[in-house]
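Novice: no sequence for this one, just the structure:
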């Protein structure tokens with residue numbers, strides 16, 4: 001319990017620091033009134049708009065007002081949409097979750113077999129090519145890869161649409177694309193673009209883990225018992241290789257959700273990242289601050305859950321926290 005309270009307190013300090021930095025940065029970038037009010041508007045109307053948005057107050061007072069409202073669950077009202085910023089984020093959350101989970105599935109589908117092949121046959125031509133491709137996956141920028149995917153599969157081959165979300169279906173009150181064929185056609189390219197970096201990470205982890213597992217005594221013992229190579233790989237090498245993969249990807253899921261900004265912008269995917277870019281362009285300060293606080297809280301919660309899982313799996317870790 002002491003560990004949980006300590007981590008929650010640490011998370012609260014992280015959220016406070018993020019909110020202060022973002023609030024100050026947005027204040028320096030520009031004045032949203034210049035975008036919200038017609039330059040030809042009457043000065044009295046402009047003054048009323050500034051007062052209604054609370055922008056006539058000094059920055060420190062605006063920030064304290066924001067903190068007081070945040071403590072009551074109110075992260076501010078969007079300057080552009082005129083609705084609570086948190087409701088806008090939660091409205092876009094299903095689309096981002098759908099994209100992130102699809103990308104995670106593709107990363108595992110591509111990364112595990114390729115990494116296993118490269119680990120079992122590291123000196124083969126295919127193993128070397130897979131290793132080089134994984135390095136390339138880390139180096140290529142997501143926006144460039146996204147544009148190339150659109151150019152090849154949407155413009156030249158015309159197999160898939162270049163953007164948008166396509167047809168959705170209501171499931172448990174959520175609009176989801178994965179339950180329609182048109183939705184999958186729109187989802188595939190952005191999910192693949194978001195998955196490539198994670199797939200390269202999975203390839204590296206599986207390749208290193210399988211090479212390490214092959215050198216262990218339990219693999220030698222399994223082979224000495226006369227087990228076939230496929231039984232050795234599937235029953236001994238792969239399960240032990242996947243432990244660090246699951247751990248790392250559990251943490252990377254937060255990054256997929258929070259930092260799908262580039263992919264959502266390139267493909268016009270109506271998720272939280274697209275909302276963030278639109279809010280930045282319009283200097284919609286409440287939406288930007290609310291999004292970054294939401295993303296920071298997501299990382300704090302995921303880190304806490306992973307550490308609690310470690311403590312449950314390994315009592316030595318739990319005892320070290322007391």
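Specialist: That came in fine, so what should we check first? The structure presented is a predicted model; accordingly, all values stated were derived computationally and were not measured.

Novice: so how far does stretch 271-288 reach from one end to the other?
Specialist: Stretch 271-288 has its terminal residues 14 Å apart, counting by C-alpha to C-alpha, to the nearest Å.

Novice: what does stretch 219-234 give?
Specialist: End-to-end span of stretch 219-234 (C-alpha to C-alpha): 11 Å.

Novice: Of all the residues in stretch 233-241, which ones are buried?
Specialist: By neighbour count, with 16 or more other C-beta atoms under 10 Å as the criterion, the buried positions of stretch 233-241 are 233, 236-238, 241. Every residue, glycine included, has its C-beta placed from N, CA and C.

Novice: gap between that stretch and the chain center?
Specialist: Between the mean C-alpha point of stretch 233-241 and the mean C-alpha point of its chain there is a distance of 28 Å (C-alpha atoms, centre = their mean, to the nearest Å).

Novice: gap between residue 138 and residue 284?
Specialist: In this view, residue 138 and residue 284 are 33 Å apart by C-beta to C-beta, to the nearest Å.

Novice: Neighbour count for these two, which is higher?
Specialist: Using other C-beta atoms under 10 Å, the more surrounded residue of residue 138 and residue 284 is residue 284, with 27 against 11.

Novice: got the phi/psi numbers for residue 169?
Specialist: The main-chain torsion angles of residue 169 are listed as degrees, to the nearest 10 and equal phi -140, psi 140.

Novice: Measure how buried it is and give me the count.
Specialist: If we define neighbours as other C-beta under 10 Å, then residue 169 has 12 of them.

Novice: try residue 148
Specialist: For residue 148, the number of neighbouring residues by other C-beta under 10 Å comes to 12.

Novice: Quick check: next helix or strand after the helix or strand containing it?
Specialist: Using DSSP states H and E, the element containing residue 148 is helix 142-149. For helix 142-149, the succeeding helix or strand toward the C-terminus, using DSSP H and E, is strand 169-171.

Novice: Could you spell out the sheet neighbours of that next one, each with its direction?
Specialist: Using DSSP bridges, strand 169-171 pairs in its sheet with strand 174-176 (antiparallel).

Novice: any idea of the mean pLDDT in the strand it pairs with?
Specialist: The average pLDDT within strand 174-176 is 82.

Novice: quick one on the thing from earlier: the helix holding residue 148: which residues count as buried?
Specialist: Going through helix 142-149 with 16+ other C-beta under 10 Å, the ones that come out buried are 142, 145-146, 149.

Novice: and if you look at stretch 100-118?
Specialist: Applying 16+ other C-beta under 10 Å to stretch 100-118 flags 100, 102-104, 106-108, 110-112, 114-118 as buried.

Novice: Let's see the pLDDT reported for residue 179.
Specialist: Among the per-residue scores, residue 179 holds a pLDDT of 87.

Novice: ok, residue 178 - contacts?
Specialist: The neighbours of residue 178, taking C-beta atoms under 8 Å, 6 or more residues apart in numbering as the test, are 98, 102, 184, 187.

Novice: Same question for residue 137.
Specialist: Residues in contact with residue 137, defined by C-beta under 8 Å, 6+ apart, are 196-197, 199-200, 203.

Novice: hmm, 6 Å instead?
Specialist: By C-beta atoms under 6 Å, 6 or more residues apart in numbering, the contact set of residue 137 is 196-197, 200.

Novice: After the strand or helix carrying residue 70, which helix or strand is next?
Specialist: If you go by DSSP H and E, residue 70 is part of helix 59-71. Scanning forward in sequence from helix 59-71 by DSSP H and E, the next helix or strand is helix 85-120.

Novice: tilt between the very next helix or strand once past that next one and helix 85-120?
Specialist: Toward the C-terminus, helix 85-120 is succeeded by helix 125-139 as the next helix or strand (DSSP H and E). For helix 125-139 against helix 85-120, the angle between stretch directions is 160 degrees (axes from the mean of the first three to the mean of the last three C-alpha atoms, to 10 degrees).

Novice: Counting neighbours, show which residues of helix 125-139 come out buried.
Specialist: With burial defined by 16+ other C-beta under 10 Å, the residues of helix 125-139 counted as buried are 127, 130-131, 134, 137.
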